[in-house]
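Q: here is my input, please return the structure:
(2 chains)
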2 protein chains.
Amino acid sequence: MKTVSEVKSFAGVQGVYSHQSESCGCEMTFAVFVPPLVRDRKVPVIWYLSGLTCTHANVMEKGEYRRLAAELGVIVVCPDTSPRGPGVPDEKDNWQFGSGAGFYLDATQEPFAENYRMYSYIVTELPALIESEFPADMSRQGIFGHSMGGHGALTIALKHPDRYRSCSTFAPIVSPMTAAWSKPAFEKYLGKDETAWRTYDACALVEDGARFDEFLIDQGSADGFLDDGLRPWLFEAACKQAGIPLALNMRDGYDHSYFFISTFMEHHLRWHAERLL
Amino acid sequence: MKTVSEVKSFAGVQGVYSHQSESCGCEMTFAVFVPPLVRDRKVPVIWYLSGLTCTHANVMEKGEYRRLAAELGVIVVCPDTSPRGPGVPDEKDNWQFGSGAGFYLDATQEPFAENYRMYSYIVTELPALIESEFPADMSRQGIFGHSMGGHGALTIALKHPDRYRSCSTFAPIVSPMTAAWSKPAFEKYLGKDETAWRTYDACALVEDGARFDEFLIDQGSADGFLDDGLRPWLFEAACKQAGIPLALNMRDGYDHSYFFISTFMEHHLRWHAERLL
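A: Just a heads-up that it's a prediction; the model follows:
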């Protein structure tokens, strides 16, 4: 692991690091905030998965999580959203596929299967690195995210209910296999057989029997992607059917941006802290 | 005035606007945050002046001021740092002069005197627009800023002690006429006669008799510009000599970035609020 930068903020350290990823076959960059007064003890880890077009930097710069993470005493890890680099296949002009659009899945189709393995990266490879390099108590992990990263958080939590104690999302893509902006990516990454898509779709996972203790979702009513891409009511219906508690807050007048996310960041971090501390 | 964007955040509205500036002879862009529950009453205005290379957007994205501005009920105005555009003379490769480096002065030298009039813009033109377009109580104004914007805040407050009730800065350039990174700009904007420079230099203004009730400065000890460019001890000495109260906080381990600014944003906004509310 290489240190790209470490800067003091809110009495803790906001770092950016890179490493050669086996899962993704390229160098990957990620951000970690370590709260102050972490010396002899290990602290909970909260994973934030970002949305389409983002890197680790968007939430690090605009998410306003450090004040609360410092106060609560939690590590916040912000990974990138896809493999990147000269050897990684991409569609430069397509913001819904390739770089910035890894969809937190393991691709099975060529030429993407070599690099687009964000599911393994987030679930296996990066946690091992975080555990070895930071004062992280891996028995207390939470996961949250925004939009495509909300999809990532929901699906990963549903597949690992014993590992994550808490899961929340901002404006998540709850059914990527049925949304116009994600179906083409799923087909290119996973092939035409839609049964393979269901293990990376929060609604389908719940329908197929996956369970998690409870979820929190905040969704802006003025979000331009609400009706076509996000549709949280689909997940609300699936959770109701399955008996999974879901707090779905429709936030009047808020959009899809970090102006929305930062507004409700405190609400989410306190919600995770109640389950992790 | 044109509305570039208006987004709900922390129950208020973060807007970006543009207008044709008479002072600067070009279109200027600025950001305004209006707190919630401003209906029939007018609220105080706090001006944030940004540093070298910045636009209105840096602090809007990274400054973390909205939570507190919403809670306290204050408008925050974030102007650009220079004139910009195809008709504006510039030195593209020089980050310490031209675009992003207006130094909050009125240039007297050609070819810059036509456009580089940020002092008049901040002191006269933009306040009139803010008063006419927003629920702003112009009898209660505060001013703060960072680095070059700290220089702007200090010098403008010292020249208008009756207009601004409060002034604070993050890592200000307190003596631009004697710092290597600003002297060349002062000469190009104001000519070789250094007596003209003194009205845009906080230390010189105090030495020459300008007064203000009190100042707050936060400065990171790990700021790479501290010894050569910033040197707050020069302003501390000038204030001590003049009997002006100055709270100068050296913040151990903090640098010059928005990771530092955002950490102490709450401290500054509460300090202004105590004097404005």
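Q: residue A:249: what secondary structure?
A: strand (DSSP: H, G, I helix; E, B strand; the rest coil).
Q: ok, how many other residues are close to the closest residue to it other than its chain neighbours?
A: With sequence-adjacent residues excluded and distances taken as C-beta to C-beta, 6 or more residues apart in numbering or on different chains, residue A:249 is closest to residue A:218, at 4.9 Å. (C-beta placed from N, C-alpha, C; glycine too.) Neighbour count of residue A:218, defined by other C-beta atoms under 10 Å in any protein chain shown: 26.
Q: name the helix or strand for residue A:218, please.
A: strand A:215-220 (DSSP states H and E).
Q: what packs against the host helix or strand of residue A:234?
A: Taking DSSP H and E as the definition, residue A:234 sits inside helix A:232-242. Where contact means 3 or more C-beta pairs under 8 Å, 6 or more residues apart in numbering or on different chains; DSSP states H and E, helix A:232-242 is packed against helix A:202-207, strand A:215-220, strand A:246-251.
Q: hang on, the earlier thing: surely the residue nearest to residue A:249 touches residue A:150?
A: No. With contact defined as C-beta atoms under 8 Å, residue A:218 does not reach residue A:150; the gap is 9.7 Å.
Q: any shared contact partners between these two?
A: Both residue A:218 and residue A:150 are contacted by A:169, A:170, A:171, under the criterion C-beta atoms under 8 Å, 6 or more residues apart in numbering or on different chains.
Q: just put those residues in CSV and tack on pLDDT, neighbour count and secondary structure.
A: Formatted as CSV, the shared contacts of residue A:218 and residue A:150 follow (pLDDT from 0 to 100; neighbours: other C-beta atoms under 10 Å in any protein chain shown; DSSP: H, G, I helix; E, B strand; the rest coil):
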residue, pLDDT, neighbour count, secondary structure
A:169, 98, 30, strand
A:170, 98, 31, strand
A:171, 98, 29, coil
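Q: out of the residues you listed, the closest to residue A:137 would be?
A: Nearest to residue A:137 among the shared contacts of residue A:218 and residue A:150: residue A:169, at 22.7 Å, using C-beta to C-beta.
Q: for chain A, which segments count as helices?
A: A:57-62, A:66-72, A:118-120, A:126-133, A:148-159, A:183-190, A:202-207, A:232-242, A:258-276 (DSSP state H).
Q: state the mean pLDDT of the shortest one.
A: So that's helix A:118-120. What helix A:118-120 shows for mean pLDDT is 98.
Q: which residues touch the residue lying closest to residue A:17 once chain neighbours are set aside?
A: If the residues on either side of it in the chain are set aside, residue A:17 comes closest to residue A:1, at 5.3 Å by C-beta to C-beta, 6+ apart. Contact analysis of residue A:1 by C-beta under 8 Å, 6+ apart lists A:17, A:18, A:19, A:129, A:133.
Q: hang on, the earlier thing: by how many degrees do the strand holding residue A:218 and strand A:246-251 diverge?
A: 10 degrees (axes from the mean of the first three to the mean of the last three C-alpha atoms, to 10 degrees).
Q: state the mean pLDDT of strand A:215-220.
A: pLDDT averaged over strand A:215-220 gives 98.
Q: kindly report the same for stretch A:137-150.
A: 98.
Q: near chain B, which residues of the stretch 101-250 of chain A show up?
A: Residues of the stretch 101-250 of chain A found near chain B (C-beta under 8 Å from any C-beta of the partner chain) are A:220, A:222.
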